[in-house]
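> Provided below for reference: sequence and predicted model.
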2 protein chains.
Amino acid sequence: MSGGMHRDFEAAMSFLNEGDDYLVVSHVQPDGDAISSTLAAAWLLDRLGKRVVLANQDPVPDRLRFLSGSERILSLDSLAPDLRFKRIVAVDCADFKRIGQLSERFAEGAELLNIDHHPTNDAYGVCNLIVPEAAATAQILFELIAASGHALDAAAAELLYTGLLTDTGGFRYSNTDTRVMQTAARLLEAGADGYRIADRLLETMTLPQLKLLRLGLNRMEFRFDDRVCSMLITPEDMAEIGAAPEDLEGLVNYARNVEGVEAGVLLKGLRDGSVKASLRSGGTLDVAAIASAFGGGGHIRAAGCRLEDDVQIEALLSAIGEALEPR
Amino acid sequence: MSGGMHRDFEAAMSFLNEGDDYLVVSHVQPDGDAISSTLAAAWLLDRLGKRVVLANQDPVPDRLRFLSGSERILSLDSLAPDLRFKRIVAVDCADFKRIGQLSERFAEGAELLNIDHHPTNDAYGVCNLIVPEAAATAQILFELIAASGHALDAAAAELLYTGLLTDTGGFRYSNTDTRVMQTAARLLEAGADGYRIADRLLETMTLPQLKLLRLGLNRMEFRFDDRVCSMLITPEDMAEIGAAPEDLEGLVNYARNVEGVEAGVLLKGLRDGSVKASLRSGGTLDVAAIASAFGGGGHIRAAGCRLEDDVQIEALLSAIGEALEPR
């Protein structure tokens, strides 16, 4: 990768070489790239002969527990109460707050290596390895491991493949570039079982996920000449199905992916009567702009916001309708 | 690629160089790889300065009509009645019969180049380029174009990417190997818009597809400790929804992909009262063996057969249940 202010692989390797004890963390509500990158960073620290603790504020999602080493990622509660960490590696955290309550366990004057691919990352580490054009943080770890001189084994390849696969939506999003495919080729060569990973993470549906999909499809509502498709899931639905919040992941895409639909909306009712709205667009509509008008945010194609009541739901849907290009 | 009896790229290039007029054909009910490979072969013949006619017994599926040049693929009816072809390129046809009625238009003594990746291909051409370990026929055409010395442009890259993408189930099936990913990287580099292709072919759902999915999920039946999941779609359903047979593509995977399910079955009722069964397994069960007991066939993970009546449907489901490993 080309040079740049916060992309000094040598400095990152020095940070990893200089200490003895490291804590590796990632963001709250960790996704595939967060967990994979946590474990890949630990894999490298293991190779460097370091003592490593892995932790996350939130538990590893069930569907990611097949990843080798995932049982090493501790919860906040299971860390000894007085334990404080001096050298931290944060992966895939766009800002310091995304680390969550785990930051309470950083020692005073703790030094942090910040490895991330989010373009909005504000370089909050003492050492920063930020590569915004990388499709996933796993891609950066692939480069870092290459820079370390340690040869990938099948376990590391599986971790990195998982991060790449999940952050590119199974090699389907627009961030799927030449480098992603080259890296995927190298990871398969190194022994990653791509089929097994894709089958588990992208194909297999749990019974709650299936029931949510069925419900979502039955609840689809089309507006504005079928250019907007929304689905409402209530807390009662979630309870009846026995679904966890993570089971809703990807559901909004079914609304967005209907031919002719320019915006898909998932409305998830919360226990306090408010609603979490997830917005997706095919790219013609900037859903981040709409979400931010309701106090939320995100990207052009994927954004979200919190709504207080039915009046606000109607206001959001109207705002989407008004934002559509006239035909 | 390694050498072998029917994988002489030079001989294939000689076949393409020696004549002036070519007909390029593929199999009946063409899929993504068939259409892409037809168009990629034509792209190469165009570069070689040949006159080329493209034809298929069946029309190009709507969802593939975005491929540049797809309008060149003629139907049997639109060929002049007396036209006969002397030099044929057949792509992705496992056997001669798969060419369908178009073979009636081959001149007596016509010479055929057979380019295919199916392991069962019986080398029916005068020249045969059969590479069974290739994930798609598009992969073989990629190699052939490389052997020709012609540099890929974005149009050719788009065609080949489409073939690779569709025959690997969006880089998810077990045939997604190092070479597939390396080739995908090269095709993106050459200008293929991978996002656009994946979005159109794998993400976008037409309204009939959506309605079929909703119906399929609502009709799911679980048997044998939820290890077998089946869905029945009647001719009346198809008519009511306004669905074409190709709209059912992929639906059976929703049955197969439910966690814990070892065999997914789609039962498609036909107008004559018989039923077309599509079987999918995760690999633990050999559905080809089961289908062949009912006069059908296929692969371990994907097979099909025709059933005459409800008695045969029950017999098939029982046969699947009996084939499950005892727990």
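Okay, I see it.

> Would you mind listing the buried residues in stretch A:83-103?
Residues A:85-95, A:98-100, A:102-103 are the ones in stretch A:83-103 that count as buried (16 or more other CB atoms under 10 Å in any protein chain shown). No exception for glycine: its C-beta is placed from N, CA and C like everyone else's.

> before we move on, what about stretch A:108-126?
Applying 16+ other CB under 10 Å to stretch A:108-126 flags A:111-118, A:121, A:124-125 as buried.

> Name the residue of the stretch 1-150 of chain A that lies nearest to chain B.
In the stretch 1-150 of chain A, the residue that lies nearest chain B is residue A:63 (9.5 Å; CB to the nearest CB).

> picking up where we left off before, of the buried residues of stretch A:108-126, which is the nearest to residue B:36?
Ranked by distance to residue B:36 (CB to CB), those are led by residue A:117 at 31.9 Å.

> Around chain B, which positions in chain A sit nearby?
For chain A, the contact set with chain B under CB under 8 Å from any CB of the partner chain comprises A:170-174, A:176-182, A:184-186, A:188-189, A:194-195, A:198-199, A:202-207, A:210, A:213-214, A:217-218, A:220, A:253-254, A:257-260, A:282.

> Can you report the mean pLDDT over the residues of the strand ranked longest in chain A?
The longest strand of chain A (DSSP state E) is strand A:106-116. Strand A:106-116 carries an average pLDDT of 97.

> How about stretch A:291-304?
92.

> on that earlier part again, hang on, the residue of the stretch 1-150 of chain A closest to chain B packs against residue A:202?
No. With contacts counted by CB atoms under 8 Å, residue A:63 stays clear of residue A:202, the gap being 10.1 Å.

> which of these two has more neighbours?
Neighbour tally, residue A:63 and residue A:202, criterion other CB atoms under 10 Å in any protein chain shown: the higher count belongs to residue A:202, 21 against 18.

> Please name the residues that touch that one.
Shown in contact with residue A:202 (CB atoms under 8 Å, 6 or more residues apart in numbering or on different chains): A:165, A:170, B:172.

> So residue A:191: helix, strand or coil?
Three-state call for residue A:191 (DSSP: H, G, I helix; E, B strand; the rest coil): coil.

> pretty sure it contacts residue A:156?
No. Contact criterion CB under 8 Å: residue A:191 and residue A:156 do not qualify, at 9.1 Å.

> of these two, who's got more company?
Neighbour tally, residue A:191 and residue A:156, criterion other CB under 10 Å: the higher count belongs to residue A:156, 27 against 14.

> Next, give phi and psi for the more buried one.
Backbone dihedrals for residue A:156, given as degrees, to the nearest 10, come out at phi -70, psi -40.

> my read: it touches residue A:163, true?
No. Residue A:156 lies out of contact with residue A:163 (CB under 8 Å); the separation is 11.0 Å.

> Need the overlap of contacts for those two.
Taking CB under 8 Å, 6+ apart as the criterion, residue A:156 and residue A:163 both touch residue A:40.

> Report the contact partners of the residue nearest in space to the middle of chain A.
The centre of chain A sits closest to residue A:31, judged by CA atoms, centre = their mean, with a distance of 4.1 Å. Residue A:31 sits next to A:61, A:166-167 when contact means CB under 8 Å, 6+ apart.

> circling back: any idea which of the buried residues of stretch A:83-103 is the one closest to residue B:241?
Checking the buried residues of stretch A:83-103 one by one against residue B:241 (CB to CB), the nearest turns out to be residue A:92, at 42.4 Å.

> Could you report the pLDDT at that closest one?
At residue A:92, the model reports a pLDDT of 97.

> and what of the one 5 residues further on?
What the model reports as pLDDT for residue A:97 is 96.

> With the one 3 residues further on instead?
pLDDT recorded at residue A:100 is 97.

> and it, helix, strand or coil?
Local secondary structure at residue A:100 is given as helix here, using three-state DSSP.

> list the buried ones in stretch A:164-182?
So for stretch A:164-182, counting by 16+ other CB under 10 Å, buried means A:164-182.

> Sorry, slip of the keys, the one I care about is stretch A:232-243.
So for stretch A:232-243, counting by 16+ other CB under 10 Å, buried means A:232-233, A:237-238, A:241, A:243.

> quick check, nearest of the buried residues of stretch A:108-126 to residue A:310?
Nearest to residue A:310 among the buried residues of stretch A:108-126: residue A:118, at 33.9 Å, using CB to CB.

> mind checking which helix or strand the closest one is in?
Per DSSP states H and E: residue A:118 is located in neither a helix nor a strand.

> So it sits against residue A:94, correct?
Yes. The criterion here is CB under 8 Å, and residue A:118 meets it with residue A:94 at 3.7 Å.

> one step back: could you dump the buried residues of stretch A:108-126 to CSV with distance to residue B:51?
As requested, those are exported to CSV (distance: CB to CB, whole Å):
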residue, distance to residue B:51
A:111, 70
A:112, 66
A:113, 63
A:114, 61
A:115, 57
A:116, 56
A:117, 50
A:118, 54
A:121, 57
A:124, 64
A:125, 63
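
> returning to what we had before: next step: the residues of chain A next to chain B restricted to helices.
Counted as lying in helices by DSSP state H, out of these, are A:178-182, A:184-186, A:188-189, A:194-195, A:198, A:207, A:210, A:213-214, A:217-218, A:253-254.

> Stretch A:123-136: how far from the chain's middle?
Between the centre of stretch A:123-136 and the centre of its chain there are 15 Å (CA atoms, centre = their mean, to the nearest Å).

> Please apply the same query to stretch A:282-289.
20 Å.

> what's the span of it, first residue to last?
End-to-end distance of stretch A:282-289 (CA to CA, to the nearest Å): 14 Å.

> hey, where'd the strands end up in the stretch 201-327 of chain A?
Along the stretch 201-327 of chain A, the stretches classed as strands by DSSP state E, counting those that start in this stretch are A:221-223, A:228-233, A:263-269, A:275-281, A:297-298, A:302-307.

> Please export the C-alpha coordinates of the second one as CSV.
Translated: strand A:228-233. Provided in CSV are the C-alpha atoms of strand A:228-233 (Å, rounded to 0.1, in the frame of the first residue of the first chain):
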residue,chain,number,x,y,z
VAL,A,228,-39.8,2.6,-1.0
CYS,A,229,-40.3,-0.7,0.9
SER,A,230,-40.6,-0.9,4.6
MET,A,231,-41.0,-3.6,7.2
LEU,A,232,-42.0,-3.3,10.9
ILE,A,233,-40.9,-5.7,13.5
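
> quick check: angle from it to strand A:263-269?
Angle, strand A:228-233 to strand A:263-269, by axes from the mean of the first three to the mean of the last three CA atoms, to 10 degrees: 20 degrees.

> Give me the sheet partners of strand A:228-233 and which way each runs.
Strand A:228-233 has its sheet partners listed here by DSSP bridges as strand A:221-223 (antiparallel), strand A:263-269 (parallel).

> And the contacts of that strand?
By CB under 8 Å, 6+ apart, the surrounding residues in contact with strand A:228-233 are A:212, A:215-217, A:219-223, A:248, A:251-252, A:254-256, A:258, A:261-269, A:317, A:320-321, A:324.

> again with the third one
Outside of strand A:263-269, the residues that reach it under the criterion CB under 8 Å, 6+ apart are A:216, A:227-235, A:248, A:251-258, A:275-281, A:285, A:287, A:307, A:313, A:316-317, A:320, A:324.

> Repeat the analysis, applying 7 Å as the threshold.
Residues from elsewhere that reach strand A:263-269, judged by CB atoms under 7 Å, 6 or more residues apart in numbering or on different chains: A:228-235, A:248, A:251-253, A:255-256, A:275-281, A:285, A:287, A:313, A:320.

> And the strands in the stretch 51-200 of chain A, which stretches?
A:51-55, A:73-74, A:85-91, A:106-116, A:127-130.

> in chain A, which helix has the most residues?
Across chain A, the helix with the greatest residue count (assigned by DSSP H) is helix A:32-47.
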